[in-house]
Structures are given as C-alpha cells and as structure tokens.
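[1] following is a predicted model, sequence given first.
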Amino acid sequence: MEHFTVQFLPDHQTVRIHAGATLMEAAGQADIVLASPCGGKGTCGKCKVQLEPTGIEVLACQFRVTIDLIVTIPKTSRYYRPQILLHGKEKKITADPCWKKICLKHMPTTVVEMQETLSSAVKDFVFIPSEFTFSCDQGAGPKTAVLHFTRTRQMEGWKLVCIEKDNLHHLYGAAADIGTTTVVLHLADLHSGKVMATASAANPQHQHGDDVISRIHFASQSQGQEWMQRAIVECLNELLGQAAQTAEIQLSQIYELVAVGNTTMNHLLMKFPVFQLGQSPYKPYTVAACDVSARQIGLKIHPEGNLHTVQNIAGFLGSDTVAAAVAAELGAEQVTTLLIDIGTNGEIMLYHQSRLYAVSCAAGPALEGARIMNGSRAMDGAIQRVVIDSDAQDIDLDIIGDGVPHSICGSGLIDALAVMVQLGIIDSAGGFTEKEKLEERLSPAIFKRVIEYDGQPAFVLAEGEHPVLLTQGDVRQMQLAKAAIRAGCRILKKQAGVTSSQIEKILLAGAFGNYIQKSSALRIGLLPDVPEEKIHFIGNAAGGGALEILLNRTIRDNCESLARMTGYIELAARSDFQEVFTDCLMFE
C-alpha cells in the first residue's frame, strides 16, 4: 500500500501514513488530539484544519490522505486539556482497607506452620490459596506477609497474597473516577488514609465520540472493544505512574485500584459486551461489583494487585452514581435531598423518607461545548462567567487563563442564557425577541451585540478577529440539555411524592456543577425552584466516593445494598416524560 508524509504545523510533527487514512488518524499518530464531539461522523465541524499553502479548510475526520501534505491545526480544533475538578468535599475517612501487612520476624519452615502463624497473628485468617507457592529458604531476617481481605460465596476472611522483603510501611492504593470526558485518580496511603497524590487526564476514548452511544457503536465493531479497553488501561497506567512519581513510591507498592464510572465506562474497562447498552431496553451485562487481577487487566501495579469495580445500578446509571451517593452521605441526616451530578451524562438521585430514587439523562453534549457553534470544554480562552456590569450598560466576561476569548464553556453558557433572559433578549420559549422591540429597552452597547448571523439571530459575547457568538441554534441546544436535567428532577419528585418546597438540600456534584452560578441556574430553570441557600457544591463526589470505597471495607460492603435499594426510573419508558420534558424547555 502507498504511504505519504503529513507534517503538522505549528507542532512540526511529521508522520508517514497509508493512503486513504484520514487526517484525524494521522494527527493521532503524531500524538496530536483533535476535537471530535461527533465521533468522526463529520457533523460537528469541530476538527477543521488548513491545507498548506492554499489555506483551504477541511474536516480532519473526513479528508483522506492521497498525497504528501502540510497541515496547519488552529487552536480551535484542538482537544485542549480541560480544567478538571480533582477533589470533593473534605471529610475524614477511617482507614480500614481490604489489604493488610504483617511482619514475620521468624519465617515458618512449612506451609502448615505458615498457616498457623498467620492464624494466630490475624483474626479471621482463612487460608493460603492453593496456587500460592511457598519457599522455606527465603533467607534470614524479617519478611512481610501481605494479606487481602475478600468476600465471596466460598470464603470470608483474610487470605495470603504474597511474601516479600520487609516493607511494612509501604501499602498504597488508588481510586479512579473514569468519566466520559475526564479521568481523575487519587493515590492514597492505606495505613493512614492520606491522599498522597492526584493525577488527571482527558479520557482517550473521546476520539470515538463525546457521548456513550458513539463509543458503544465503535466498541461493537471489530476490534473496537479491544481498542477501548487498551486506551483506558493505558490512561490509568499513565496516571498511576504520575501519581507514584509525585508521591515518590514504586508502582509495585500499589496493591489495589478501585474504579468507578457510568455503566458504559465500566463495561469498556472490563471488556464486557456493550452493544445491548445502545438499544432498548438498555440492559447491562452485569451490575455486580467485580474483582480481577491487576496483571490480567494490564495494570502496572503490584503483580498480585487487584482491580475492584463498584456495583452499577442500571444501563445508564453506573458505579459513579453509587460512589457519589457514598460521598454525599445520602440519608445520613434523614432529610429530603436531591443530588445532581452534572457531567457528559446527568445523574440525579433523590433521598426521601429512607428511600432512594434515581434517573439518568443525556445532558452533557451542549453543556460541554458540543453542538454549540463556539462551545468548548472548560479550557484556556473559554468564557466561564457572563454578568451584567454594575450600571447595566454592557456585559462583563471572565475568561479562563490569560488569553483572548475564543469559546464559551458550560458555566458561561448558563450565565449567558440567564443574562439574555433577564434582559429580555430571549423570551421564555427560547426565541430571540424582535430586534426593533429591543432597542428601547437595552443600552446601546448591549443592543449592538444582537446581530444576524448566517440567517439566524445571535448574541455577540466577545468581539474580535474570531468573535464568540451565541446563536438561536445554540439556545435551542441548551434548552434541550437543561430540560433533560429539570425533567429528571420533576419525574423523581413525582415518583416520591415530593414538592420543591419539601426539598431541604440540593447537592451539585461534578466538574460542571461545581462552577455554575446558583442564581443563573435558577433563573433559566435548570434546577427546582428553591432558595439559593439550599444549594450546595460538593465537588467531584464520584471520585471522593471511590476513595472512601478504597479506604474502608465496610463502606465497600455497603455499596451493594445501596445500589440494590435505589429505585431506578427509566425516563424513556414513562408515558408522562415527553409532556414533562416539553414543559421544562421553557425558561422560567
């Protein structure tokens, strides 16, 4: 097969690739990640690049290499490293992990003697596995016996995993929140519970779509599942390496990784079938917690280490929701609480009178910049805050980083819509008000921002060589996203027989949820109508919950009952959902 060279500017990276490959594939080979919200279908237009020297713009996911090329990649087409929320709310966790080390000052000389020694040293010690090889001539001096606590149908207690040189104080584990968009990993000391390091990265699976349905489709193709698993395992290994380096420990001193994520992310990690998740009735392959050998999955931690994945709830409600509920301590105060984790997918839980209800809604694509003309994730150059200035003569913007604005992220979108609703630029149905009616009610500076763009009304947020606009089409996309979340809240309230006035707390979790302004979210009707003081931000609840599950085996055991007691509501199956959703499209 014929091959050609492709040089990417301004990176000055050159690759040689086969004829017929797309520029998206060539960029990936050069370790350059391009934006691809649509999963390479050519519908989002976010991966535009320029062919040199003509400057002709093409879509990297659609343009195929048939000659040697020089390609310039604009900033707007890159998949920037997003701002990632790393931490949840601070709270003390009692360290009582599923791993234990004891020091044997005198090594037993037989397997039977080892069994007796460990049984006397550790309460509930069960056995030495039959596959465990014990050598009596390991040399003089103290050794460390590493034990692993496990609960199965056949066994409950401590089992011997390995014997190694004395490193009694080095016992570490990691907890990872595998989000559709980002992956966050915490490295913790299992003795003390202290977090030693945190690392984060974009989920590499985004190359095949920003949403789970696109990834399910890709994984259902030949070799797709294998690629998806390999990509996320490599990402986890990279984060483990970064965290270990920061903490100045060896990877071999990490004995366990606890992973949470939505059901699709869980299945892709475990290489479970996913095709059924993409079609009604959206049944998971399994909702059970799993424990597999780290070596088997390809994780570069201790050779005898363990990967633990937490229970899922349903096809679109995964272990990240269980972990978020753990972190939020739903039910601990016996007050009616709404937990909303706003990410690429929106998960909502309602606790009321000792019962848990939950729904999942597809809210993320617009809120994270996909399908918004100038939308992006939270990255340098993105507008993250829009406010009316003190004398109401114009608007002010907060930009991430020090550069000029080139896009708008989710929190900025909600602010912008709230400002436009407040000023009457868009009406309650989401339509732009006729321009002649606006001139008398708006200041000249704000009125000048209402323009016509490509045959539709638009609002100019930032002027310049590459202005940032919010079009009528963008407003419609935001309506769909906010209606999905609000409708989910309403269905939950209806199912539990709860009114908004009965809700005592709304907990907002996730990176996006942590940055929005309460007033803006309430103004556009994203959240139920409650006083602002009832709304609380709790950070990366899924990651925080995963850390608790890593550090405390009682919390881990309780996850099964938590998942089982959660009443999952399939929104699409409800006869009243479409009516509720349509009503929630309105800007209140």
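    Noted; the coordinates are in hand. Numbers count the residues shown, from 1 in each chain.
[2] show me the contacts for the residue most central in space within the chain.
    Of all residues in the chain, the one closest to the mean position by C-alpha atoms, centre = their mean is Gly179, 2.2 Å from it. Shown in contact with Gly179 (C-beta atoms under 8 Å, 6 or more residues apart in numbering): Asn203, Gly261, Asn262, Met265, Asp320, Gly343, Thr344, Ala542. In this view, the C-beta of every residue, glycine as well, is placed from N, C-alpha and C.
[3] what sits closest to the fourth one if chain neighbours are left out?
    Put plainly, it is Met265. Sequence neighbours aside, Ile178 is the residue nearest to Met265 in space, at 4.6 Å (criterion: C-beta to C-beta, 6 or more residues apart in numbering).
[4] so that neighbour is in contact with Val260, correct?
    Yes - between Ile178 and Val260 there is a contact under C-beta atoms under 8 Å: 6.9 Å.
[5] any shared contact partners between the two?
    Common neighbours of Ile178 and Val260 (C-beta under 8 Å, 6+ apart) are Asn266, Asp320.
[6] Cys47: neighbour count?
    Residues near Cys47, counting by other C-beta atoms under 10 Å, number 27.
[7] quick one, phi/psi of it?
    Dihedral pair for Cys47: phi -110, psi 30, per degrees, to the nearest 10.
[8] who's in contact with it?
    When contacts are counted by C-beta under 8 Å, 6+ apart, Cys47 touches Met24, Leu34, Ala35, Ser36, Leu59, Ala60, Cys61, Ser77.
[9] lowest pLDDT pick from the residues you listed?
    Lowest pLDDT of the contacts of Cys47: Ser36, 77.
[10] Gln207 is in contact with that one, correct?
    Yes - contact criterion C-beta under 8 Å: Ser36 and Gln207 qualify, at 6.0 Å.
[11] mean confidence for stretch 167-181?
    Throughout stretch 167-181, pLDDT has a mean value of 91.
[12] could I have it exported to PDB, CA atoms only?
    Provided in PDB are the C-alpha atoms of stretch 167-181 (Å, rounded to 0.1, in the frame of the first residue of the first chain):
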ATOM      1  CA  ASN A 167       8.500  -3.000  53.500                       C
ATOM      2  CA  LEU A 168       5.800  -2.900  56.200                       C
ATOM      3  CA  HIS A 169       5.100   0.800  55.900                       C
ATOM      4  CA  HIS A 170       4.600   0.800  52.100                       C
ATOM      5  CA  LEU A 171       0.900  -0.100  51.500                       C
ATOM      6  CA  TYR A 172      -0.900   2.100  48.900                       C
ATOM      7  CA  GLY A 173      -4.000   2.000  46.800                       C
ATOM      8  CA  ALA A 174      -5.600   4.200  44.100                       C
ATOM      9  CA  ALA A 175      -9.100   5.300  43.300                       C
ATOM     10  CA  ALA A 176     -10.100   6.400  39.800                       C
ATOM     11  CA  ASP A 177     -13.200   8.200  38.600                       C
ATOM     12  CA  ILE A 178     -13.500   7.200  34.900                       C
ATOM     13  CA  GLY A 179     -15.700   9.900  33.400                       C
ATOM     14  CA  THR A 180     -16.800  10.000  29.900                       C
ATOM     15  CA  THR A 181     -14.800  13.200  29.500                       C
END
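[13] what about the residue of the chain most remote from its centre, which SS state?
    Largest separation from the mean C-alpha position in the chain: Thr109, at 49.9 Å (C-alpha atoms, centre = their mean). At Thr109, secondary structure determined by DSSP: H, G, I helix; E, B strand; the rest coil is coil.
[14] for Gln62, phi and psi?
    For Gln62, the backbone dihedrals (degrees, to the nearest 10) come out as phi -110, psi -30.
[15] quick one: contacts for the residue nearest to Met265?
    Asn203, Ile232, Leu236, Ala259, Val260, Gly261, Met265, Asn266, Leu269, Asp320.
[16] any idea how far the helix or strand that Val580 is a member of is from the chain center?
    Per DSSP states H and E, Val580 falls inside helix 577-584. The gap between where helix 577-584 is centred and where its chain is centred comes out at 27 Å by C-alpha atoms, centre = their mean, to the nearest Å.
[17] list the buried residues for that helix?
    Of the residues in helix 577-584, Phe577, Val580, Phe581, Cys584 count as buried by neighbour count, 16 or more other C-beta atoms under 10 Å.
[18] is it true that Glu25 touches Ala19?
    No - Glu25 is not in contact with Ala19 according to C-beta under 8 Å; the separation is 11.8 Å.
[19] which one's more surrounded, these two?
    Neighbours per residue, other C-beta under 10 Å: of Glu25 and Ala19, the larger number sits with Glu25, 20 against 12.
[20] over to that one. Which of the three states is it?
    Of the three states, Glu25 takes helix under three-state DSSP.
[21] that one - nearest residue in space that isn't next to it in sequence?
    Computed as C-beta to C-beta, 6+ apart, the closest residue to Glu25 that is not its neighbour in sequence is Ile17, at 6.7 Å.
[22] wait, the one you found sits on Ala26?
    Yes - using C-beta under 8 Å as the test, Ile17 is close enough to Ala26 to be in contact (4.8 Å).
[23] spit out the residues that contact those two alike.
    Common neighbours of Ile17 and Ala26 (C-beta under 8 Å, 6+ apart) are Val6, Val65.
[24] if you count surrounding residues, which of the two has more?
    Ala26 (27 against 20).
[25] list the contacts for the more buried one?
    Residues counted as contacts of Ala26 (C-beta under 8 Å, 6+ apart) are Val6, Phe8, Val15, Ile17, Val65.
[26] distance of it relative to His12?
    Ala26 is 14 Å from His12, where distance means C-beta to C-beta, to the nearest Å.
[27] excluding residues flanking it in the chain, which one is nearest Leu469?
    Closest residue to Leu469 apart from its sequence neighbours, by C-beta to C-beta, 6+ apart: Ala458 at 4.6 Å.
[28] now the element after the one helix or strand Ser120 maps to, going C-ward?
    Using DSSP H and E, Ser120 falls within helix 111-121. Using DSSP H and E, the next helix or strand after helix 111-121 towards the C-terminus is strand 125-127.
[29] state the mean pLDDT of that following strand.
    Strand 125-127 carries an average pLDDT of 83.
[30] list the buried residues of that strand.
    Phe125, Val126.
[31] off-centre distance for that strand?
    Taking C-alpha atoms, centre = their mean, the mean C-alpha location of strand 125-127 is offset from the chain mean by 38 Å.
[32] for stretch 198-218, same thing?
    In terms of C-alpha atoms, centre = their mean, the centre of stretch 198-218 is found 9 Å from the chain centre.
[33] can you get me the start-to-end distance on that stretch?
    End-to-end span of stretch 198-218 (C-alpha to C-alpha, to the nearest Å): 30 Å.
[34] and for stretch 557-576?
    Its first and final residues considered, stretch 557-576 spans 36 Å by C-alpha to C-alpha.
[35] returning to that earlier point: who touches both of Ser36 and Gln207?
    Common contacts of Ser36 and Gln207 (C-beta under 8 Å, 6+ apart): Met24.
[36] got the domain ranges for this protein?
    3-77, 99-165, 172-319, 331-362+486-584, 366-476 (automatic domain parsing).
[37] least reliable of the ones you listed by average pLDDT, please.
    Per-stretch mean pLDDT for those is lowest at domain 99-165 (a mean of 78).
[38] next, give phi and psi for the closest residue to Tyr285 other than its chain neighbours.
    The spatial neighbour of Tyr285 that comes closest, neighbours along the chain excluded (C-beta to C-beta, 6+ apart), is Phe272 at 4.1 Å. The phi and psi torsions at Phe272 (degrees, to the nearest 10) take the values phi -80, psi 150.
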